[in-house]
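Engineer: Coordinates only, no sequence provided:
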């Protein structure tokens, strides 16, 4: 099982063939959080408790997308994971623990 980290720098654990896949920067949805004019006002005005899990090595939704959510939701709780697109598969025990704690704090 991969473990969570605060930064994607400094490790080389990857899925087989992951290095051969193109990074998401060239895909049409890259930067979706920064460019979505319809969703952004909804995020900015949301006063809900927010929990975000972000795979730092996701080849489709890059770390910049996760950070964009934090700009609009500065009180959100974000967990940067040592994971790719399938963070739940890679970090299920950690994610489960944090979700339970989040709900306990925000009842």
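Structural biologist: Cool, got the structure. Nothing here was measured: the structure is a model prediction, and the numbers come from that model.
Engineer: what residues are up against the spatially closest residue to residue 85 that is not a sequence neighbour?
Structural biologist: Using C-beta to C-beta, 6 or more residues apart in numbering and skipping the chain neighbours, the partner closest in space to residue 85 is residue 58 (4.6 Å). No exception for glycine: its C-beta is placed from N, CA and C like everyone else's. By C-beta atoms under 8 Å, 6 or more residues apart in numbering, the contact set of residue 58 is 24, 83-85, 87.
Engineer: tell me which residues of stretch 78-93 are tucked away?
Structural biologist: Judged by neighbour count (16 or more other C-beta atoms under 10 Å), stretch 78-93 contains these buried residues: 79-85, 87, 90-91.
Engineer: Tell me where the model's unsure across the protein.
Structural biologist: In the predicted model of the chain, residues 1-47 satisfy pLDDT under 70.
Engineer: Could I get the buried residues of stretch 78-93 in CSV, plus columns for secondary structure and distance to residue 54?
Structural biologist: Below are the buried residues of stretch 78-93 laid out as CSV (DSSP: H, G, I helix; E, B strand; the rest coil; distance: C-beta to C-beta, whole Å):
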residue, secondary structure, distance to residue 54
79, strand, 7
80, strand, 6
81, strand, 7
82, coil, 11
83, coil, 9
84, coil, 11
85, coil, 11
87, helix, 8
90, helix, 12
91, helix, 11
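Engineer: Mind putting these into JSON lines with distance to residue 69?
Structural biologist: As requested, the buried residues of stretch 78-93 are exported to JSON lines (distance: C-beta to C-beta, whole Å):
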{"residue": "79", "distance to residue 69": "12"}
{"residue": "80", "distance to residue 69": "12"}
{"residue": "81", "distance to residue 69": "14"}
{"residue": "82", "distance to residue 69": "19"}
{"residue": "83", "distance to residue 69": "17"}
{"residue": "84", "distance to residue 69": "18"}
{"residue": "85", "distance to residue 69": "16"}
{"residue": "87", "distance to residue 69": "15"}
{"residue": "90", "distance to residue 69": "20"}
{"residue": "91", "distance to residue 69": "18"}
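Engineer: Out of the residues you listed, flag the one nearest to residue 101.
Structural biologist: Nearest to residue 101, judged by C-beta to C-beta, of the buried residues of stretch 78-93 is residue 79 at 10.8 Å.
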